[in-house]
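A.B. asks: Predicted model, plus sequence, below.
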Amino acid sequence: MSEGPLPPLPEDRLEKKLPDRKPPLSRHEALVEADRCLYCVDAPCIPSCPTEIDIPEFIRRIATGNVEGSAKVILESNILGLSCARVCPTEVLCESTCVYNEMDEQPIKIGKLQRHATEHVYDEGVHFFEAGEDTGKTVALVGAGPASLACAHELRRLGHRCVIFEARQRPGGLNTNGVAPYKLQADDAFREIGYVTEIGGIDVRYGKAVGTDVDVADLERDYDAVFVGVGLGPDNWLDIPGARSDDVWGAVDFIERLKTDDGYALPEDVAHVAVVGGGNTAIDVVREMLGLGVEDVMLVYRKDEATMSGYTHEWDYAKKEGARGVWWAQPAEIVADDEGVTAVRCHRTEFADGRLVEIDGSDFEVACDLVVMAIGQSKLGAIFGEVDGVSLDRGRIVVDDHGRTGNSHYFAGGDAANGGKEVVNAAAEGKRAARAIDAQLRSN
Ligand code: SF4
């Protein structure tokens, strides 16, 4: 049980070898960039942020030298503003709607300005928030990832005490274990968690998996409300011959080891890596492998780059770093000899009558010595689907716009409810759910 210091992170983490791909602005650069903002009325950048930060206002405060006040605007809307400044796909969120795009000019660097402001108050040790007057109510939160942290912080501001049950021995969920290290490293995620929990009254219990170490029925009996922010589970796997070889890794498992294992290193003889998938996690793995010096890294995807679900801008960066794509390729077998994996045998695919089909007799091999499965993650909410009134849709916990399930005791947010979105979505959903929990508790 802990309301005290965070558990230590190992010093010798492989992620430290990966550079920060979006380095911070200097004070001068931030002032120049802030001065470009047009402080639009009805600024389109605001609603494109899931946490609806008043972007022109925080930028205006930077421009006038009030960096502390700028961070306050950001953190009032999004207590995870530090990590979101680093991990948000601003290219498709706030910056994509900046009016400068319509003038064929570079949009304002909103993410970098947000990083400038939030890092300033972290560096200076400035805190803005206090716990509300104690209501005598306590909320259980399941999972110590972004959704639960945002929810807990808001609940504390509203005066409710919080107990977070975390299956791992460390907090942070995706931010600590799963975000690409060239965006955010685990110690920065911990820095933010320290800042969030500084408000007090958030008790994180590590090594407590709900369903194994703690019963759902106990949570219902012992707490005034339950928020489920468990995120997603282990990697999905292709059920094809050879897929359980030691040389076939799971993407999120690899990223977690890279970010948090002590002394973890790639095998020295890895030279050709095939990453199976076309989403953002697949692209992250590609860029990480290239950043760690692997000579040849490719995406193996059953469609093409025009239809992949990963962000175009991220794939463009990956290509500049040396990645290549093997398109229209459906893996059918992982081929190995006595030394280990040698190739992925694939069927060629195509669209026929609107359906993706495999082409007969089209088999080909993609030579590689390591395969990484990046085809999605399993869902973790099943245990809550057994609760009266809580329903699931394809493994996701069904909630309304305020994170309410069909049982007035249970709320949910983040990946467990949205199926896998961004950290900023988890932050927004956690905070919204906190307000719905507060309304529920005050109505009892
Ligand atoms: Fe500033 Fe662009 Fe937002 Fe307008 S749309 S307020 S220029 S960041």
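C.D. replies: Ah, there it is. Residues are numbered from 1 along each chain as shown.
A.B. asks: Show me how the record splits this structure into domains.
C.D. replies: 14-124, 138-233+378-443, 235-377 (automatic domain parsing).
A.B. asks: ends of the last one, how far apart?
C.D. replies: In other words, domain 235-377. Using C-alpha to C-alpha, to the nearest Å, one end of domain 235-377 lies 4 Å from the other.
A.B. asks: outside of the strand of greatest length in the chain, which residues touch it?
C.D. replies: For the chain, the longest strand by residue count, based on DSSP state E, is strand 340-352. Applying C-beta atoms under 8 Å, 6 or more residues apart in numbering, the contact partners of strand 340-352 are 242, 245-248, 274, 276, 300, 302-303, 326, 328-336, 356-359, 362-371. For every residue, glycine as well, the C-beta is placed using N, CA and C.
A.B. asks: So which of those sit within strands?
C.D. replies: Using DSSP E, the contacts of strand 340-352 in strands are 248, 274, 276, 300, 326, 329-336, 356-358, 364-367, 370-371.
A.B. asks: For Lys137, give me its contacts.
C.D. replies: Applying C-beta under 8 Å, 6+ apart, the residues near Lys137 are Gly159, His160, Arg161, Asp224, Ala225, Leu441.
A.B. asks: Recalculate using a threshold of 7 Å.
C.D. replies: By C-beta atoms under 7 Å, 6 or more residues apart in numbering, the contact list for Lys137 reads His160, Asp224, Leu441.
A.B. asks: now those in CSV, with secondary structure, pLDDT and distance to the ligand?
C.D. replies: Output for the contacts of Lys137, formatted as CSV (DSSP: H, G, I helix; E, B strand; the rest coil; pLDDT from 0 to 100; distance: C-beta to the nearest ligand atom, whole Å):
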residue, secondary structure, pLDDT, distance to the ligand
His160, coil, 98, 34
Asp224, coil, 98, 40
Leu441, helix, 97, 37
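A.B. asks: Only whichever of those residues are buried, select them in PyMOL.
C.D. replies: In PyMOL syntax, the buried subset of the contacts of Lys137 is picked out as below (16 or more other C-beta atoms under 10 Å):
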select buried, resi 160+224+441
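A.B. asks: thinking again about what came up before, and the buried ones among the contacts of strand 340-352, selectable in PyMOL?
C.D. replies: Buried residues among the contacts of strand 340-352 (16+ other C-beta under 10 Å), as a PyMOL selection:
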select buried, resi 242+247+248+274+276+300+302+303+326+328+329+330+331+332+333+334+335+336+358+366+368+369+370+371
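A.B. asks: what are the phi and psi angles of Leu392?
C.D. replies: As for Leu392, its main-chain torsions (degrees, to the nearest 10) stand at phi -120, psi 150.
A.B. asks: Export only the CA atoms of stretch 237-249, formatted as PDB.
C.D. replies: Taking C-alpha atoms only, stretch 237-249 is exported to PDB below (Å, rounded to 0.1, in the frame of the first residue of the first chain):
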ATOM      1  CA  TRP A 237      -1.400 -13.000 -31.600                       C
ATOM      2  CA  LEU A 238      -1.800 -14.500 -35.000                       C
ATOM      3  CA  ASP A 239      -2.800 -18.200 -34.900                       C
ATOM      4  CA  ILE A 240      -0.400 -19.500 -37.600                       C
ATOM      5  CA  PRO A 241       2.300 -22.200 -37.600                       C
ATOM      6  CA  GLY A 242       5.500 -21.000 -35.900                       C
ATOM      7  CA  ALA A 243       3.900 -18.000 -34.200                       C
ATOM      8  CA  ARG A 244       4.900 -19.200 -30.700                       C
ATOM      9  CA  SER A 245       8.600 -19.200 -31.600                       C
ATOM     10  CA  ASP A 246      11.000 -17.400 -29.100                       C
ATOM     11  CA  ASP A 247      11.800 -15.100 -32.000                       C
ATOM     12  CA  VAL A 248       8.200 -13.800 -32.300                       C
ATOM     13  CA  TRP A 249       7.600 -11.000 -29.800                       C
END
